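[1] Take a look and give me a structure for this.
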Amino acid sequence: MNLHGKTVLITGASRGIGAETARVFANAGANVALLARSTDAIAALADEIGAQAIALPCDVGHYDQVAAAVQSCIDRFGALDVLIGNAGVIEPIAHLSASDPEDWGQVIDINLKGVYYGMRAAMPVMQAAGGGTIITISSGAAHNALEGWSHYCTSKAGAAMLTLCAHKEGAAQGIRAMGLSPGTVATEMQHQIKASGMNPVAQLDWEDHIPADWPAKALLWMCSTEADGWLGQEISMRDPEIRKTVGLT
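    Sure thing, here's the model as predicted:
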């Protein structure tokens, strides 16, 4: 795909899927706005990519920071065409009965409110411009309860529903909203899951996880008209036909 002249904002861009997405979209010619709390990491990634990248330190759990980042993106590149809601955390993994309420709520702030805040800041901009693409990184945990993951499952289920709401409310104004469920990916989060020893996901070997650039390439494909048949839906990378369509093996 050629995305020259397009601008993509990626939350959670400091590592894993977010960082690989920045590289893949930049290689396709897009301008990329990198959002994360890890200031040094996104600054280094922006330096690696070059002039078509901007690093915007941001805690997506705070709407004022997200709104300011969206405005900074527009000030720099003149538009916002794609929003990738990728920021997410899973720690601390704990049984519901022993969970810390403040820690539990912080996961909701990032994984659920952060997705809403991104949509709230980006949708008016996109609607005024005649459209745009919003993709939320979902999870199998959005649809299946897992031991120790009450915070993560709940937040991902809410984010999946938010994406459906964005489609219902935004499609008539040109908003292309959908979700991507990548399956288990070889990122730092999998080390955290492994260390917990809790539920079947922790029992997987590192080789069982797909590389982070696979979902990044799927996200790029989802920005094309080829993915229009999935608008308002969630695409699963566990589906071999999806992998084949995207060109992943």
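[2] Determine the longest helix present in this protein.
    Looking across the chain with DSSP state H, the single longest helix is helix 150-170.
[3] quick one, what contacts the most centrally placed residue in the chain?
    Closest residue to the average C-alpha location of the chain: residue 86 at 1.7 Å, with Cα atoms, centre = their mean. By Cβ atoms under 8 Å, 6 or more residues apart in numbering, the contact set of residue 86 is 10-13, 17-18, 21, 137. Backbone N, C-alpha and C define where each C-beta goes, glycine included.
[4] swap in residue 117?
    60-63, 66-67.
[5] by how many degrees do the host helix or strand of it and helix 150-170 diverge?
    In the assignment (DSSP states H and E), residue 117 maps to helix 114-129. On the basis of axes from the mean of the first three to the mean of the last three Cα atoms, to 10 degrees, helix 114-129 is oriented at 10 degrees to helix 150-170.
[6] pLDDT averaged over helix 114-129 - what is it?
    Averaging pLDDT along helix 114-129 yields 98.
[7] Quick one: distance of stretch 96-104 to the chain centre.
    24 Å (Cα atoms, centre = their mean, to the nearest Å).
[8] how long is it end to end?
    9 Å (Cα to Cα, to the nearest Å).
[9] How confident was the prediction at residue 210?
    Residue 210 is given a pLDDT of 85.
[10] which residues touch the nearest residue to it once chain neighbours are set aside?
    Nearest non-adjacent residue to residue 210, counting by Cβ to Cβ, 6 or more residues apart in numbering: residue 185, 5.6 Å away. Applying Cβ under 8 Å, 6+ apart, we find residue 185 in contact with 16-17, 209-212, 214-215.
[11] Distance of the closest residue to residue 153 other than its chain neighbours relative to residue 88?
    Leaving aside its sequence neighbours, residue 153 sits nearest to residue 141 (Cβ to Cβ, 6+ apart; 4.6 Å). Note on residue 141: its distance to residue 88, by Cβ to Cβ, to the nearest Å, is 10 Å.
[12] With residue 77 instead?
    25 Å.
[13] between these two, which one's more packed in?
    residue 88 (26 against 20; other Cβ atoms under 10 Å).
[14] Could you give the backbone dihedrals for the more buried one?
    With angles defined as degrees, to the nearest 10, residue 88 sits at phi -160, psi 150.
[15] Same question for the one 5 residues further on.
    Residue 93 has phi and psi values of phi -80, psi 130 when expressed as degrees, to the nearest 10.
[16] Run a quick neighbour tally on the spatially closest residue to residue 232 that is not a sequence neighbour.
    The shortest distance from residue 232 to any non-neighbouring residue, by Cβ to Cβ, 6+ apart, is to residue 167 (3.5 Å). The local packing of residue 167 (other Cβ under 10 Å) involves 18 other residues.
[17] now do residue 215
    29.
[18] residue boundaries of the strands in the protein?
    Secondary structure of the chain (DSSP state E): strands at 7-11, 31-36, 53-57, 82-85, 132-137, 175-181, 234-236.
[19] which other helices and strands contact the second one?
    Using 3 or more Cβ pairs under 8 Å, 6 or more residues apart in numbering; DSSP states H and E, the elements in contact with strand 31-36 are strand 7-11, helix 16-27, helix 39-49, strand 53-57, helix 63-77.
[20] Now do the one helix or strand in the chain whose mean pLDDT sits lowest against helix 150-170: the angle between them, please.
    Lowest mean confidence among the helices and strands of the chain (mean pLDDT, DSSP states H and E): helix 188-196, at a mean of 90. On the basis of the same axes, to 10 degrees, helix 188-196 is oriented at 150 degrees to helix 150-170.
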